[in-house]
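# Based on what follows, work out the 3D shape:
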Amino acid sequence: MEPVTASESGELTKTGGRGSLESPEVYGNVPGHVIPILEREFDDFDEESEKFLGGEIAEDQFIGFRLKQGVYGQRQADVQMIRVKLPMGGITPDQLDTFADVIEEYAPLRKGHITTRQNIQIHHVPLRDAAQLIRRISDSGLSSREGCGNTVRNVTGDPWAGVSEGELFDITPYAGAYVRYFVRHPTTQLMPRKVKTAFTATDDDRAITGIHDIAFIPRERDGARGVEVRVGGGTSIMPRVAPTLYEFVELDNGDYLKVAEAVFRIFDRQEWLRVNRARARIKVLIDKIGIDAFREQVEEELQGDWVNERNFDPTPLLLIHDEEANAPEPSTSYTQPNGDHSAFERFRTSNVKPQRQEGFSTVQARVVRGDLTPEQLRGLGQIMRDYSGGYARTTVEQNLVLRWVRDDSAYEVWQRLGELGLNEAGADEIVDVVSCPGTDSCKLGITASMGLNRAVQQRVEEMDIDDPLTKRIHIKMSGCPNGCSQHHIANIGFYGASIKVGGRTMPAYVAHIGGNYEGGDVVMGHRLKVRLPAKRVPDAVERWLRLYERDRNDGEEFNAFAERVGYETLEAEVKELSLPVEFSLDTMNQFIDWNRHEPYKVVRGEGECAV
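A predicted model of the protein is given here:
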């Protein structure tokens, strides 16, 4: 298949080179090489950055420009966060090496951060270095284009797509075509707000379609491949589960691209949404008029002249790549456990899953808080080369799934991960706590959610939980109500808040109980009527877990237990912890946030997601 790319106008062009709008870089059909790269954009970024720094253009004018390039402002002055898109989480060993290189050169904290949308973010980058960084990563096929702004953001997907038991077909090629179709598309450059997309692989819905603006679930009908299309989900201040727009939309004829563009065209025309960008999401429109009325608008939109001006054939855009053909060959000998191998067996139970291809498994590296050092990034890249054919994908739990690992080499992979500090058991279990960066970098952050993550994880590990049902509980926390950690759908979730005590303020959290995102059933948790001081949250978590283990019925899962005993019971269990204390030498620690040394105060800037 000849290489194809999307030009700045959105038209598809065959190309053999790189360096201009007329001749962009060819993208290769390899996971990690999905978004076409335009050299011209880096030159433009350099030029616009210098104009801004020189006072020639206003900040509000420059913000919109840099957001499209994935460069996001932080709460700290004069530094930026670079959000690098990893469609469906796909990444290559060379790209991990590239991340390590640019982090060492440009990021003072020497770490990259896997997000709950499968991106990798790099923080505290000076603006003048930002253009150099995004140019450097492009050499390995990485792109930050439209990682921010009112665009189609990183397209997330099931990291087990293509190797998962029970899937009708591999959704990856079609997700890749969707990415390529809409990047730089004229309709999606300045919508009322961002659009989050998910392609899941099975009805287990590991991509969590219910919390997305638009999402796709594989379906088959009369021998044709298709998808169920869901529209209008989201978390944040108005959490909604996406309803179904269509039960079946065909894939191979490009109808899924056509329907998606119709949805975006309608959304783009809603001028009333632009008045309040903080609430300008597709879910607000769906909530106002209902999914049936919205479907009628889509049907009408599909009759427009624009349909005949487009080429929806996904064939030239499909991400077609035979991973199995590059899977590692069997070795003549593998290292096997010798003596006490209980730690490896715990890891195998929680982190290793058999693929549908016989003889292969996926191995999930648990990345604590999603943070990876340059040494870990390079080490993971080498493990991929040695054991997974070079294939891995990031996850919404901020981990990394190695694919195509020979069953017999799982122990060696565990050993190698151990050398990097990445072979802890418990992936996707209670110890695998998820959080956003919070006040470590985000302008909207109210609390230090990364610090709370560390404290809660430590407490849970100290509890030495071996009960299988308790292990299945998910804990997530966000540094503000917006929900970047997806705390709404956790069994136990928290968002950052504050408590006024006299003339002082203490960091606090509001709890959500009973959320769910597993098994294809998305449920928003119930918000409790207690506000917990930040330093008491680990105590509250322990009390709830002990209550659950003590009073549950046989085989009763946590959410069912919470509903049976009542949320008032859970509130009463931590009521004592919610009572604020007066400031004194003995209590001043509660007026200091996790991982901080100075008295707490609410400092919340204007977020750029809604710019």
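# Would you confirm that residue 36 contacts residue 183?
Yes - judged on C-beta atoms under 8 Å, residue 36 makes contact with residue 183 at a distance of 7.2 Å. Yep, even glycine has a C-beta here, placed from its N, CA and C like the rest.
# Could I get the pLDDT score of the residue nearest to residue 346 when sequence neighbours are not counted?
Closest residue to residue 346 apart from its sequence neighbours, by C-beta to C-beta, 6 or more residues apart in numbering: residue 425 at 4.1 Å. Residue 425 is assigned a pLDDT of 98 by the prediction.
# quick one, what contacts residue 425?
Applying C-beta atoms under 8 Å, 6 or more residues apart in numbering to residue 425 gives the contacts 343, 346, 347, 349, 350, 351, 366.
# which regions of this protein sit below the pLDDT cut-off?
Per-residue confidence of the chain (counting by pLDDT under 70) places the weak regions at 1-28, 605-611.
# The residue nearest to residue 346 and residue 242: what is the separation?
For residue 425, the distance to residue 242 (C-beta to C-beta, to the nearest Å) stands at 33 Å.
# how many neighbours does the closest residue to residue 522 other than its chain neighbours have?
Leaving aside its sequence neighbours, residue 522 sits nearest to residue 210 (C-beta to C-beta, 6+ apart; 3.1 Å). Burial measure for residue 210: 26 neighbouring residues, criterion other C-beta atoms under 10 Å.
# cool, residue 97 as well?
Counted with other C-beta under 10 Å, residue 97 comes out at 16.
# give me every residue that touches it.
Per C-beta under 8 Å, 6+ apart, neighbours of residue 97: 140, 377, 378, 381.
# isn't residue 266 right up against residue 299?
No - when contacts are counted by C-beta under 8 Å, residue 266 is not listed as touching residue 299 (10.8 Å).
# Compare neighbour counts for these two and give me the winner.
For residue 266 against residue 299, the residue with the higher neighbour count under other C-beta under 10 Å is residue 266, and the figures read 16 against 11.
# Where does the more buried one sit, in terms of helix or strand?
Here residue 266, judged by DSSP states H and E, is contained in helix 255-268.
# to the chain's geometric centre, what's the distance from that helix?
23 Å (C-alpha atoms, centre = their mean, to the nearest Å).
# hmm, back to that, looks to me like the residue nearest to residue 522 is in a helix.
Yes - assignment of residue 210 by DSSP: H, G, I helix; E, B strand; the rest coil places it within a helix.
# mind listing the strands in the stretch 251-400 of the chain by residue range?
Taking DSSP state E, counting those that start in this stretch as the test, the strands found in the stretch 251-400 of the chain are 352-354, 360-365, 371-372, 392-394, 400-406.
# Let's have those in JSON lines, adding mean neighbour count and distance to residue 309.
Putting the strands of the stretch 251-400 of the chain into JSON lines (neighbours: other C-beta atoms under 10 Å; distance: least, C-beta to C-beta, whole Å) gives the following:
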{"stretch": "strand 352-354", "mean neighbour count": "17", "distance to residue 309": "45"}
{"stretch": "strand 360-365", "mean neighbour count": "23", "distance to residue 309": "42"}
{"stretch": "strand 371-372", "mean neighbour count": "22", "distance to residue 309": "44"}
{"stretch": "strand 392-394", "mean neighbour count": "27", "distance to residue 309": "35"}
{"stretch": "strand 400-406", "mean neighbour count": "25", "distance to residue 309": "39"}
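# And those: which comes nearest residue 290?
Smallest distance to residue 290 across those (C-beta to C-beta): 35.4 Å, for strand 392-394.
# one step back: three-state assignment of the residue nearest to residue 346?
In three-state terms, and counting by three-state DSSP, residue 425 is coil.
# And the residue most central in space within the chain, its phi and psi?
Central residue of the chain (C-alpha atoms, centre = their mean): residue 117, 1.2 Å from the mean position. In this entry, residue 117 is assigned phi and psi values of phi -120, psi 20 (degrees, to the nearest 10).
# so the nearest residue to residue 259 once chain neighbours are set aside bridges to which residues?
Counting by C-beta to C-beta, 6+ apart, residue 259 lies nearest to residue 249, which is 5.4 Å off, once chain neighbours are set aside. Judged by DSSP bridges, the bridge partners of residue 249 are residue 227.
# Residue 249: neighbouring residues, count only.
Applying other C-beta under 10 Å, we find 21 other residues in the vicinity of residue 249.
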